[in-house]
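Engineer: this one's sequence-less:
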Ligand SMILES: Cc1cc2nc3c(=O)[nH]c(=O)nc-3n(C[C@H](O)[C@H](O)[C@H](O)COP(=O)(O)OP(=O)(O)OC[C@H]3O[C@@H](n4cnc5c(N)ncnc54)[C@H](O)[C@@H]3O)c2cc1C
């Protein structure tokens with residue numbers, strides 16, 4: 001066993017949340033922080049090129065998960081890419097920055113008992129993370145650069161025209177916590193290049209002597225002694241090693257990695273863990289339960305004109321990007337969004353449209369023709385699934401079963417069906433008439449409910465937003481308390497998308513960054529309190 005570093009804080013995973021923690025906890029120059037990442041440095045050129053993210057799927061920068069066969073989707077299994085490199089999933093995501101809706105955070109506070117997480121209380125943490133110049137009510141001067149796309153396709157203006165023709169209002173940048181209506185995306189980019197959590201938070205902190213970053217090091221287990229987390233065991237090309245923490249161990253391994261690590265370390269459902277021969281430290285049956293994800297239905301079409309990056313004059317586009325970070329490769333592929341309600345009486349939107357400049361079928365890995373896709377997203381799914389251990393082998397992928405469309409009342413399919421009908425109304429407006437060609441999703445414009453259901457089951461895909469597998473809550477059975485502390489184990493928190501008690505009405509990068517920003521304050525405040533207590537006790 002190699003002797004590893006010792007620190008006040010050991011952070012597992014350098015993704016959206018882990019990068020925030022590494023920066024904020026090392027900022028005082030005093031506390032030693034060790035950040036351990038399973039993947040390598042984020043040097044691949046495709047990470048920086050906004051339009052290239054689908055080409056990272058299936059590479060060493062992707063964990064390459066797959067779900068179990070989904071009965072609700074005709075028995076299909078889905079690819080679940082997750083970042084495995086510095087920046088984590090923020091290094092291969094679609095760069096859309098949406099905060100979610102204030103009803104989400106007020107719901108966490110009121111319904112889930114998450115004191116401190118209401119909209120009014122989380123707002124300053126979004127603003128602190130953001131750097132968006134120009135009009136609107138976003139923050140400025142924070143680590144995450146948010147820009148308009150530099151060279152969006154003319155087809156995007158046509159889509160927004162069609163939304164207006166269909167009666168959707170324009171998204172209001174002055175109300176970023178109440179998204180409603182259609183607008184161009186705000187992208188995590190700087191000057192036409194991706195701007196990940198590693199770019200915004202980690203890189204500026206790397207020069208600090210109190211921050212150590214270990215890459216290509218997979219954590220296999222949390223070391224728990226007398227009910228307290230005291231470090232982690234990890235493995236590198238040189239063999240096994242340990243990192244010890246005299247303060248806290250902070251799991252930021254993401255919505256799949258964090259519950260898997262808890263279970264491998266004896267924190268989870270006691271019977272299940274014993275079945276795998278794992279010694280139980282805390283019986284927390286909800287670890288790995290409560291998995292929620294955004295399911296969407298892609299309505300894809302051939303498109304007239306050069307809209308899809310990489311199809312016509314690929315070399316010219318590369319040259320244009322390299323020379324001045326311009327052109328179609330600066331597109332994040334998903335150039336506009338719209339938030340809408342499936343019916344009256346709802347407190348907030350429950351549907352989203354995502355407008356993509358690519359035929360987003362088979363996750364766009366081999367787009368060889370110009371096309372567009374309108375993705376219809378179910379924002380508040382009632383179906384929940386699980387992440388379970390396949391075995392006690394840390395190298396084995398866990399079993400991921402999102403149980404899409406499994407809610408007993410069939411609400412999820414009903415809301416998606418309404419969303420598809422509304423999308424069909426947008427797609428048939430005059431503003432898009434000259435752009436759309438033949439449907440690539442068979443039946444995309446057929447309103448017959450039977451066709452819509454069949455199309456949903458055959459084509460629905462993940463929007464890559466798993467959350468909730470180590471949910472926080474006021475309920476004593478929740479995995480985490482509202483300070484993100486793992487119940488039953490001292491010195492251990494989970495700080496990443498798995499801690500979100502429910503899916504926000506938007507994409508998950510911004511809420512995860514916000515969560516980690518607030519977590520850093522909670523951790524530092526508790527440490528200061530302990531120091532004061534220790535001094536007073538002398
Ligand atoms: C293809 C794709 C597109 C997306 N598009 C968007 C979008 O446009 N907008 C948006 O808001 N959200 C988007 N998301 C979702 C968003 O990026 C994630 O919700 C967010 O990045 C999650 O952050 P996290 O910190 O929870 O996990 P991650 O960022 O996934 O970080 C977890 C990190 O932990 C590391 N890790 C895991 N296990 C271990 C271990 N055992 N040892 C050491 N390290 C480990 C991983 O390698 C990874 O670096 C997308 C995601 C994907 C995959």
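Structural biologist: That came through, no problem. Predicted model only: the values in this text are computed from it and were never measured.
Engineer: could you measure the residue in the chain that the ligand sits nearest to against residue 197, distance?
Structural biologist: Evaluated by C-beta to the nearest ligand atom, the chain has residue 15 as its residue closest to the ligand, separated by 1.7 Å. Yep, even glycine has a C-beta here, placed from its N, CA and C like the rest. Going from residue 15 to residue 197 by C-beta to C-beta, to the nearest Å gives 7 Å.
Engineer: Check the contact lists of these two and give me the overlap.
Structural biologist: 87, 88, 90 (C-beta atoms under 8 Å, 6 or more residues apart in numbering).
Engineer: Any part of the longest strand seen in the chain near the ligand?
Structural biologist: Longest strand of the chain, by residue count under DSSP state E: strand 239-251. No: if you take C-beta under 6 Å from any ligand atom as the test, strand 239-251 misses the ligand, and the best it gets is 8.8 Å.
Engineer: Check stretch 144-161 too.
Structural biologist: No: using C-beta under 6 Å from any ligand atom, stretch 144-161 stays clear of the ligand, with a minimum separation of 10.8 Å.
Engineer: Quote the end-to-end distance of that stretch.
Structural biologist: End-to-end span of stretch 144-161 (C-alpha to C-alpha, to the nearest Å): 30 Å.
Engineer: Quick check: mean pLDDT of it?
Structural biologist: Mean per-residue pLDDT for stretch 144-161: 98.
Engineer: And for stretch 69-79?
Structural biologist: 98.
Engineer: now check it, is it near the ligand?
Structural biologist: No: Stretch 69-79 is not in contact with the ligand by C-beta under 6 Å from any ligand atom; minimum separation 9.5 Å.
Engineer: what's the answer for stretch 81-99, then?
Structural biologist: Yes: against the ligand, stretch 81-99 shows contacts by C-beta under 6 Å from any ligand atom at 81, 82, 83, 84, 88, 89, 90, 92, 93, 94, 95, 96.
Engineer: Spatially, which pair of these is furthest apart? Let me know, please.
Structural biologist: Checked with C-beta to C-beta, the residues of stretch 81-99 next to the ligand reach their widest spread between 84 and 96, with 20.8 Å between them.
Engineer: More neighbours: the two, which one.
Structural biologist: Applying other C-beta atoms under 10 Å to residue 84 and residue 96 shows that residue 84 carries more neighbours, namely 26 against 21.
Engineer: So which of the residues of stretch 81-99 next to the ligand is surrounded by the most neighbours?
Structural biologist: With neighbours defined as other C-beta under 10 Å, the most crowded of the residues of stretch 81-99 next to the ligand is residue 88; it has 35 neighbours.
Engineer: Phi and psi next, for it.
Structural biologist: The phi and psi values for residue 88, taken as degrees, to the nearest 10, are phi 60, psi -140.
Engineer: That one: what's it in contact with?
Structural biologist: Contacts for residue 88 (C-beta under 8 Å, 6+ apart) come out as 13, 14, 15, 16, 18, 19, 37, 39, 82, 197, 254.
Engineer: What is the nearest of these to residue 420?
Structural biologist: Among those, and counting by C-beta to C-beta, the member closest to residue 420 is residue 82, at 27.7 Å.
Engineer: Residue 58 is in contact with that closest one, correct?
Structural biologist: No: taking contacts as C-beta atoms under 8 Å, residue 82 lies outside contact range of residue 58: 11.8 Å.
Engineer: Excluding chain neighbours, give the residue nearest to residue 31 in space.
Structural biologist: Counting by C-beta to C-beta, 6 or more residues apart in numbering, residue 8 is the residue found nearest to residue 31 once chain neighbours are left out, at 4.2 Å.
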